[in-house]
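> next come a sequence and a model predicted from it.
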Amino acid sequence: MITKILVALDIADEASSEHLLKTASDLSKLHSAELHALMVVPTYRMPLVGSYFEPKDEEAMLRRAKEAFLSFLQDKAPEEQQVKGHIAHGTIYDEINRVAESLGCQLIVLGAHRPELSDYLLGPNAARVVRHARQSVYVVRDDTE
């Protein structure tokens, strides 16, 4: 039984995120499930890159990301449905799986951003979520690609 769904959004691609949110919303209505939306702000992976930023810069970036994400949800989420927004900071695929686990979600909904090489079925983050998630994963193809 599906009682909680997590949808992972990248609001930098607004059209894709809007499509993904609608799909997740439809699934949550079908299952009468809570809908949780997540945006992951990636960390600076290399110490060399991270050394150019002060901790206050990271805090400001996270604050702006949270404001933008909450604004996106307010504008794009269906009015008749409550969507609970979450922000995470770290490695994208790890954070998606961690948040899904901590919230007790039974389904993860995410987009399949394909890299330039058409031989790949999924982008690297989606592939890792699918491989490592304990929950079922519903992968949504972007119909604009």
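Happy to help now that I have it. A quick note: this is a predicted structure, and the numbers were derived from the prediction, not measured.
> correct me, but residue 104 touches residue 5?
No. Counting by Cβ atoms under 8 Å, residue 104 stays clear of residue 5, with 11.0 Å between them. (C-beta placed from N, C-alpha, C; glycine too.)
> of those two, who's got more company?
Neighbour totals were compared for residue 104 and residue 5, and residue 5 leads with 27 against 12 (other Cβ atoms under 10 Å).
> verify the contact between the more buried one and residue 38 for me.
No. Using Cβ under 8 Å, residue 5 makes no contact with residue 38, being 10.8 Å away.
> anything in contact with each of these two?
Both residue 5 and residue 38 lack any common contact, where contact means Cβ atoms under 8 Å, 6 or more residues apart in numbering.
> remind me which residues of the chain are low pLDDT?
Applying pLDDT under 70 to the chain picks out residues 44-52, 113-122, 142-145.
> same thing but 90
Low-confidence segments of the chain, defined by pLDDT under 90: 12-13, 15-16, 41-62, 79-80, 90-91, 111-128, 130, 141-145.
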